[in-house]
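Any chance you could fold what I've pasted below:
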Amino acid sequence: MLGIKILIYSFIFLTCSAIGLIKSQKYVYRVDELKEFKNALNMFKTKIKFTYEPLPDIFKQISNTITPSIGSIFKIASYNMSFLTAGEAWSKAIDTDILNINLEDKKILKDLSKLLGATDLEGQISQIEVTETFLDEQIKRAEKEKEKNEQMYRKLGVIIGLGIVIVLI
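This next block holds a predicted model:
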């Protein structure tokens, strides 16, 4: 009987710790995804400036080059461009829930859709540069949140797990 209790207490403690760890990882993933978006937008800017390829092709190339989570956004946008305008396709792709970014990050990325495919080359490049500037600010904020909250959620998971185990004993 004592062995079963120890097993249950261990399970409760490990589950709470794992939940805290999973919650803390969202902050790490957000920073990584924002940096990857900035990198992808830089590639996008370079490709439209020098290759003059259609946007769906550029998005497909970018999706194959970068990490799968961000790459899937570019792949979805590329696919959506076959039946939507470039701006609408980008906006719908950003709305998918496969990312760890918050609503403010999504709004900044959606702002790119206003001029995407609707203006000349220089207008699109300047919009990408504005978006990159805003992403720099979001990256700084995300890193501050990560520093503050990552450790807190890890410790909170362990403390809650210990608290529940102590109460049950």
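
what ranges of the chain fall below the confidence cut-off?
115, 117-119 (pLDDT under 70).

Now do the strands in the protein.
Per DSSP state E, the chain carries no strands over any range.

That one: helices as residue ranges?
Taking DSSP state H, the helices of the chain run over residues 2-50, 55-65, 68-80, 86-94, 103-111, 121-168.

Please tabulate the ones you listed in JSON lines and include mean neighbour count as additional columns.
C-beta coordinates here come from the backbone N, C-alpha and C atoms, glycine included. Shown next, in JSON lines, are those (neighbours: other Cβ atoms under 10 Å):
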{"stretch": "helix 2-50", "mean neighbour count": "16"}
{"stretch": "helix 55-65", "mean neighbour count": "18"}
{"stretch": "helix 68-80", "mean neighbour count": "20"}
{"stretch": "helix 86-94", "mean neighbour count": "21"}
{"stretch": "helix 103-111", "mean neighbour count": "16"}
{"stretch": "helix 121-168", "mean neighbour count": "15"}
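
Pro56 against Leu84, yeah?
No - in this structure, Pro56 is not within contact of Leu84 by Cβ atoms under 8 Å, at 10.8 Å.

who are the neighbours in contact with Lys107?
The contact partners of Lys107, by Cβ atoms under 8 Å, 6 or more residues apart in numbering, come to none.

go on, Val28?
Val28 is in contact with 146, 150, counting by Cβ under 8 Å, 6+ apart.

how many other residues sit next to Ile169?
Per other Cβ atoms under 10 Å, the neighbour tally for Ile169 reads 7.

any idea how far it is from Leu2?
Distance of Ile169 to Leu2, computed by Cβ to Cβ, to the nearest Å: 12 Å.

Asn149 now?
38 Å.

cool, Phe13 as well?
Taking Cβ to Cβ, one finds Phe13 at 16 Å from Leu2.

Thank you, goodbye.
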